[in-house]
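Undergrad: what would the 3D arrangement of this be:
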Amino acid sequence: MTTITLAVLVPLLPFLGALAGLLLGRTVPGLVRPLAVLPTLAALVIAVLVAARHGGGADIDSATELTPTGSVPVELALHIDGFAALVAVLVGVVASCVQIYSTGYLRDDPRYPSYAALVSLFTSAMLLVVYSGDLMVLLVGWEIMGICSYFLVGHYWETPEARAASLKAFLVTKLGDVPFLIGLFALAVDAGSFRITTILAKVADGGLDHPTLIALLLLAGVAGKSAQFPLHTWLPDAMAGPTPVSALIHAATMVAAGVYFVARLLPVFAASSAALVVLAVMAAVTMAGSALAALAQDDIKRVLAYSTIGQLGYLTGALAVGDRGAAVFHLLSHGAFKALLFLGAGVIIHAAGTNSLAAMSRMKGLRDRVPDAFWTMTVALLALAAIPPFSGFFSKEAVLGAAEHAATGHSETAPTAAGWIVLIAGLLTALLTAAYATRLWLLAFNGRGPEAPDHGRQPLTMTAVLWVLAVPSLAFGLTVGVLPDWFDGHSLTPTLTTSVLGTGFALVGGLVTYGAWRHTTALAARHPMGAVAADAGADGGVVEAEAIATHTPAYGDVAAAHDPADPGRLLLGPLHRHAAVGFHLDAVYTALFVRPVQAAARLVRFLDREVVDTYVRGAGTAPRWLGAAVRRAQTGNVQTYLSALLAGTVVLAVAAVLVATAGA
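TA: You can find the predicted model right below:
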């Protein structure tokens with residue numbers, strides 16, 4: 001079987017699994033889990049085989065014209081380079097782990113068949129984006145992921161949080177997709193083709209007429225899909241969906257799609273220095289702001305959501321300095337440890353009965369209840385904090401090294417300003433990342449209250465995948481010497497300067513957070529009632545929608561108050577209340593966009609009801625009244641008609657006499 005045929009099967013198998021699941025899931029329940037797991041596993045095996053055949057060698061291209069358009073052709077094209085081959089493997093690994101994990105996590109969910117089918121469709125759409133060699137075909141997968149995210153985030157539609165989150169995710173990403181679509185058309189018109197290889201060849205010849213405009217339009221869609229500032233606000237709210245969906249969205253699909261798109265078309269963006277600077281600023285604000293917000297969250301999944309936003313900021317930062325090898329390296333590394341973190345969080349939530357870190361910090365012995373989650377999440381958090389020798393260290397240092405390379409003027413494409421922006425923001429984010437990772441670990445696994453509730457052992461399907469994902473989280477950095485052959489050939493080996501600075505900042509962040517935790521814990525132990533009373537006015541931890549849906553009881557009333565020993569409050573000080581609500585960006589959008597639109601809608605409704613409807617009702621009322629008057633005269637009595645005729649004749653005669661008299 002040819003490599004092209006195998007590549008076609010990779011997105012096709014999950015699609016067929018999704019179709020079969022939707023058609024047969026309700027009528028043949030025994031097929032639901034096999035249809036969810038087996039096609040995705042088969043796609044993973046084939047993706048690995050495609051990657052092995054590619055072997056970091058020449059790109060694989062194939063295309064056939066779908067239909068004559070009369071202008072810019074649309075082709076069903078595949079373009080598999082080193083980036084595509086490895087990212088497809090990542091998607092397959094994470095999607096397979098999510099499907100296997102979900103068989104235990106949602107084993108009692110009545111809507112599991114539709115959920116599993118949508119996850120398969122989501123996976124198929126992302127694989128289509130990864131392998132596509134034509135931008136219009138890529139757009140199909142791009143939009144299918146958008147609608148799948150709407151349904152999956154709103155899986156627990158009984159809760160208002162899930163309904164609002166799914167709608168918000170759909171609308172915010174669509175807001176970015178509108179200029180994105182315009183940018184695609186503008187790019188195709190300039191290049192004369194939607195084919196990626198043709199576009200890149202045109203860029204290499206300097207053939208784009210409007211590179212800055214095109215790049216900025218495309219960045220709007222990327223910001224929405226990859227949750228970058230200012231269109232990132234949908235991602236933390238999307239935590240209302242099932243935890244496995246969060247793992248899939250954050251690690252290997254949806255949010256990875258935007259970054260991957262920029263990596264594929266990086267020469268288009270590099271053709272405009274202004275676009276790279278805009279990308280660098282967007283990455284810097286995203287990195288630092290989301291890390292501060294993560295340090296203030298009480299919900300464990302929202303911590304991880306803001307963490308994802310920040311790590312994606314590293315990816316866009318690497319692209320802003322012109323190094324897509326470093327960006328995709330961190331994409332692969334981050335995909336493994338972030339999927340592990342979310343799936344581990346799901347185990348903790350089920351064991352603790354709450355997603356509140358404040359509640360978990362009051363549960364003694366939680367780490368003993370979920371040892372698999374404890375050890376694997378420890379590995380993942382060390383990778384997230386970029387502590388050597390874990391995978392996150394190597395991939396994050398590749399980004400910082402690329403930023404230093406650009407900042408010192410050694411990059412052929414990236415402006416020096418972009419390098420400095422990314423480097424400074426990246427180092428600051430390294431400190432903050434280690435701080436919130438340490439805080440999460442301390443609060444979740446080092447509680448000092450009563451015994452944690454025992455909800456029984458977690459299913460093997462949930463715990464086994466944690467250890468599978470722990471392997472790349474620990475050892476993927478060892479591929480740092482091999483990956484350049486798959487990418488652009490640029491070295492990904494950590495440099496001394498950024499390694500020392502990055503690791504030093506991370507250690508400082510972790511140690512300071514630990515010291516703050518010790519201080520606040522001691523203070524809370526001396527004054528427990530006063531500490532709790534001080535937080536009585538704060539909004540408390542929220543039981544996760546999926547815990548409600550699966551009838552998992554909350555841990556008493558302790559979830560109703562914040563942890564008095566939370567080091568995030570001490571570290572952030574007055575900034576904490578602003579960071580906890582995402583620096584009020586949702587409130588700003590409400591004031592600038594939502595309320596004006598609502599006011600305009602109320603005005604339109606008033607005009608429609610009070611003006612247009614009044615006119616329409618008036619136009620109908622006058623003839624109705626006239627008809628009523630005429631109807632009353634139609635009595636059917638001949639004598640009445642003769643009397644009226646005689647009276648009319650008399651009136652006319654009198655009128656004639658009066659007129660004649662007046663004329664005389």
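Undergrad: next helix or strand past the least confident helix or strand in the chain by mean pLDDT?
TA: Sorting the helices and strands of the chain by mean pLDDT, DSSP states H and E puts helix 545-549 at the bottom, at a mean of 39. Going down the chain from helix 545-549, the next helix or strand is helix 567-572, by DSSP states H and E.
Undergrad: CA-only coordinates of that next one, as PDB, when you get a sec.
TA: Provided in PDB are the C-alpha atoms of helix 567-572 (Å, rounded to 0.1, in the frame of the first residue of the first chain):
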ATOM      1  CA  PRO A 567       0.100  31.000  48.300                       C
ATOM      2  CA  GLY A 568      -1.300  32.700  45.200                       C
ATOM      3  CA  ARG A 569      -3.100  35.300  47.300                       C
ATOM      4  CA  LEU A 570       0.100  36.200  49.100                       C
ATOM      5  CA  LEU A 571       2.200  36.300  46.000                       C
ATOM      6  CA  LEU A 572      -0.200  38.400  43.900                       C
END
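Undergrad: the helix or strand just after it - contacts with which helices or strands?
TA: Going down the chain from helix 567-572, the next helix or strand is helix 576-580, by DSSP H and E. In terms of contacts (3 or more CB pairs under 8 Å, 6 or more residues apart in numbering; DSSP states H and E), helix 576-580 is packed against helix 273-295, helix 567-572. Any C-beta I mention is one placed from the backbone N, CA and C, and that applies to glycine too.
Undergrad: mind putting those in JSON lines, mean pLDDT and mean neighbour count included?
TA: Output for the helices and strands packed on helix 576-580, formatted as JSON lines (pLDDT from 0 to 100; neighbours: other CB atoms under 10 Å):
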{"stretch": "helix 273-295", "mean pLDDT": "96", "mean neighbour count": "24"}
{"stretch": "helix 567-572", "mean pLDDT": "92", "mean neighbour count": "22"}
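Undergrad: out of these, flag the one nearest Gly221.
TA: Closest to Gly221 of the helices and strands packed on helix 576-580, according to CB to CB: helix 273-295, at 12.8 Å.
Undergrad: how distant is the next helix or strand after the closest one from the center of its chain?
TA: Following helix 273-295 in sequence order, the next helix or strand is helix 300-320 (DSSP H and E). Put simply, helix 300-320 sits 11 Å off its chain's centre (CA atoms, centre = their mean, to the nearest Å).
Undergrad: also stretch 268-275?
TA: Its chain's average C-alpha position is 25 Å from that of stretch 268-275, according to CA atoms, centre = their mean.
Undergrad: that one: end-to-end distance?
TA: 10 Å (CA to CA, to the nearest Å).
Undergrad: need the residues that contact stretch 277-288.
TA: 216, 219, 223, 228-229, 232, 262, 269, 309-310, 312-314, 316-317, 319-321, 415, 417-419, 421-422, 424-426, 428-429, 432 (CB atoms under 8 Å, 6 or more residues apart in numbering).
Undergrad: tell me where the chain has strands.
TA: Counting by DSSP state E, the chain has strands at residues 60-67, 74-80.
Undergrad: buried ones in the longest one?
TA: Right, strand 60-67. Using 16 or more other CB atoms under 10 Å as the test for burial, strand 60-67 gives 60, 62-63.
Undergrad: picking up where we left off before, who wins for proximity to Ala660 among the strands of the chain?
TA: Going by CB to CB, the one of the strands of the chain nearest Ala660 is strand 60-67, 85.6 Å.
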